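*Asks:* make a model of this:
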Amino acid sequence: ARSREPEPPRSEARRRTRAGYTAGAGAPLYEACEFLPHIGEAQRAAIELTLLGSGALDAWLRPDGRIAVQGEHDEESWIVPQPIEWGYTLADVLRPTPPAESGLTAAQVEAALRSFAWGEAMEPVEAAAEQGPPVIGTDHYRFGPLAARLDGTSHRAQYIGREARRRFQQAEIARLGEAIAVCDEALAALRAQIGEQEAGLARLERELAAFPLGDESHEALLAAWSAQYEATTRFRLLLEQERKQADQLRVKQQQWSELKQAFIAATAGWTRLKTLRDLQEALRGVGAYLEGMSQLVSDWREYRQHLQEAARCAAEARELAETAELEEERRDELLDKQYGLKVKAEQLRKLMEELGIGDLYSRLSALKTRRRELDAERDRLAQALVEAASRHEVLRERQRVLAEREQDKAEEQERRRRDYFAEWERGLVPETGGRELTGAEDEQGQEQDQGQWLAVCQALTAELERLVGRSARERLSGTVQDHYNASKQLLAEYVLEIEISEAGRITLLSLRDRTRPQQPSALLAELGDHLLEQEHLLSDKDRELFEEIILRSVGKSIRQRIQRAELWLAEMNRLMAERDTSSGLKLQLQWVPRAAQSESELNSDELVQLLRKDAHLLHDDEVERLVGHFRSRVQWAKQGALEEREALRKHIYDMLDYRSWFQFALRYKKGGESNYRELTDARFNVLSGGEKAMSMYIPLFAATYSRYADASAEAPKIISLDEAFAGVDDENIRDLFGLLTEMDFDYMMTSQVLWGCYDTVPRLGICEIYRPKDADFVTVFRYRWDGRLLESVAAAEEGGTS
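*Replies:* Below you'll find the model as predicted:
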């Protein structure tokens, strides 16, 4: 019987979704509550229309108060309870009545009702903007920035409450009965028309049988046959209409029978109210009774409030009367005390005048004031004395410090004078007329010697400032720093150290042989001889060096690496060729050799072919070509190291890096194409968004897989993707997950829409991050995918515990 109760308008998708709910999964809001008794019929209709217009009437309530995971084509709306702690809510006009089979409790339904604020009248924009929760009123609602007002005068309450739904069923029964009566009348009229048509057809047949078939009546006969055909066609149409009307009548009669049986079952226990007239009179009486009860409840509440207010006022009046009586008694006591004090004061004043105490009191007050002034002056003088003593100590300490500084400066001046004479003896400073500064013994000679020494120092300083000014010092410092940075790695093997004398003199020595330190000039001469010797030896030994290193030791390593790279390329192309994309996109990598940079060098493909051969089987001309190629590359490396001021070892390493001999080219084909084409920028731009993403993801996964192939079997193969597979359709995402599964990757991904629930994924852990209304916390919902079903981790743990 519940399935035949009135339901709000729903889409077909929502009906399919709710058909899949099991018992205990919840109920819509209108089935889980009823109006409070004091709400009138007009207000009930307006409130129900407001809930229907806002979408809250048919919203689903779950026992856990959360949003259920739905399929891709499901449709549903939920109420997530967020009760309001203060103010009027829907719970003030509706009361919880959850169905037994819904699994809901009255507290859960009340929490959902308390999530909507109740407003008697629609507030202005300024006031509404200050409120946060959703508001529902008699004829209006407001959800955030959305506000609406509805006219419920023509609406009747028919969804909220079992009684309202029962009344709506009775009204539908009456309406269907009237529709059946109309159909019966139409069916009778159609039957009458059919009878008339059959009688006319019989008459025409009789006339046709009696009519002579001559040439002169041929046209009339054709006209009669045409009329007969039209009548027959119309008759068949009427028969078809009769059949459809009869089918509709049977459906209506079936509905009438079901509604009648439901009505009889619902009223089986009643002694009265068996007829429609009795029910209508009872409904009118119940409405009047409910209105009277509502008014009575309102009057009783108002009367109770008035009684409480009167009792409170009476209690306050009694308290105020008692307080006034106490205050009156206290005032009398204070007046008596005040009068006694006035009498005593007058008596004392007269006694002081008679004894002359007033003059003594004035003199005593003046002396006390003078004493306070003298005490303050004494304290001020004592403080001044302490401050003067402190300043005296500070000045004495300052005098001592200045004397020590003067002594230190004199000693420093004497030390520098001795250092100057020592440098003078070395002959490294220009002639400035200071040869006569040899030092004097007497005080007058020392003063004269100091004056001459100061003049010499000033002249020497001026000359050095002219030769090495501020800009020149910065330039020389930068030049020295540049040369040092360029050659510091080469200088490490010479073990250079410095010695600084007490006078600040710097001496540079090479301690390769600590028993025989060398000056830089000796090192320079030694390096020149060594360079000349190496130039002579290189021309004789370079061929032997290239043959030994390039063709044997280094060449073997390069050959192995090139073969390994070719195997890696083949494995990548195999993985990319196995992909079955929705658009038929196939990808392939090509390793293209680079061209030679000069005539003396070889192309990369020719160089690789020669390196693959056994060194003992090479002809002399092939050896010469290899030696010439690497000699040219070594010269390029030397020139690069010289220009960039870097170590030659680095440039030699870059020159022997076989990866720089080739370049990768990504090729593709689509659909039924037989040949691969290079994926240039222009061709990449015309691909769809999903094809672009696939052309980036597949080579990336293949390259990562090949790099992980070098690791041990126990090592994890972890990758991470942010906004994974954005712009890729569902079928290609399934194929990409299959590729990750085939490569045995462990992955971490983030996405707004991707769940990863595909049959190509055997196991998957999913975390859904929920942050309600820009809160300062997040909630994590955990799920588990086993290749077939998606289940909540919390639900699985609860099931296992139970």
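
*Asks:* alpha carbons only for contacts and neighbour counts from here, please
*Replies:* Noted.

*Asks:* what segments of the stretch 351-500 of the chain are helices?
*Replies:* 357-426, 443-467, 470-491 (DSSP state H, counting those that start in this stretch).

*Asks:* turn the ones you listed into TSV, including distance to D513, mean neighbour count and mean pLDDT.
*Replies:* Shown next, in TSV, are the helices of the stretch 351-500 of the chain (distance: least, Cα to Cα, whole Å; neighbours: other Cα atoms under 10 Å; pLDDT from 0 to 100):
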stretch	distance to D513	mean neighbour count	mean pLDDT
helix 357-426	28	12	83
helix 443-467	37	14	68
helix 470-491	15	12	71
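
*Asks:* turn those into CSV, columns for distance to G71.
*Replies:* Compiled in CSV, those are given as follows (distance: least, Cα to Cα, whole Å):
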stretch, distance to G71
helix 357-426, 89
helix 443-467, 86
helix 470-491, 67
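
*Asks:* which of the ones you listed sits closest to L239?
*Replies:* Smallest distance to L239 across the helices of the stretch 351-500 of the chain (Cα to Cα): 108.9 Å, for helix 470-491.

*Asks:* mind listing residues that contact the closest one?
*Replies:* Residues outside helix 470-491 that contact it (Cα atoms under 8 Å, 6 or more residues apart in numbering) are R645, E646, A647.

*Asks:* of those residues, select the buried ones using a PyMOL command.
*Replies:* Here is the PyMOL command that selects the buried residues among the contacts of helix 470-491 (16 or more other Cα atoms under 10 Å):
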select buried, resi 646+647
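
*Asks:* need the contacts of helix 470-491 in TSV with distance to Q254, pLDDT and secondary structure, can you?
*Replies:* Output for the contacts of helix 470-491, formatted as TSV (distance: Cα to Cα, whole Å; pLDDT from 0 to 100; DSSP: H, G, I helix; E, B strand; the rest coil):
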residue	distance to Q254	pLDDT	secondary structure
R645	101	71	coil
E646	99	72	coil
A647	100	72	coil
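
*Asks:* between the contacts of helix 470-491, which is nearest G200?
*Replies:* Among the contacts of helix 470-491, and counting by Cα to Cα, the member closest to G200 is E646, at 117.9 Å.

*Asks:* return the distance of that closest one relative to L490.
*Replies:* 10 Å (Cα to Cα, to the nearest Å).

*Asks:* picking that back up, same list, the contacts of helix 470-491, but as TSV with distance to V608 please.
*Replies:* Listed next are the contacts of helix 470-491 as TSV, based on distance: Cα to Cα, whole Å:
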residue	distance to V608
R645	31
E646	28
A647	27
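
*Asks:* from the contacts of helix 470-491, which is closest to F263?
*Replies:* E646 (100.9 Å).

*Asks:* hey, C-alpha coordinates of stretch 311-327 in CSV?
*Replies:* Extracted in CSV, the C-alpha atoms of stretch 311-327 (Å, rounded to 0.1, in the frame of the first residue of the first chain):
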residue,chain,number,x,y,z
ALA,A,311,3.8,35.5,39.6
ARG,A,312,7.2,37.0,38.7
CYS,A,313,5.8,40.5,39.2
ALA,A,314,4.3,39.6,42.5
ALA,A,315,7.6,38.2,43.8
GLU,A,316,9.5,41.2,42.6
ALA,A,317,6.9,43.5,44.4
ARG,A,318,7.4,41.6,47.6
GLU,A,319,11.2,41.8,47.4
LEU,A,320,11.0,45.5,46.6
ALA,A,321,8.6,46.2,49.6
GLU,A,322,11.0,44.3,51.9
THR,A,323,14.0,46.3,50.5
ALA,A,324,12.2,49.6,50.9
GLU,A,325,11.3,48.8,54.5
LEU,A,326,15.0,48.0,55.3
GLU,A,327,16.2,51.1,53.6
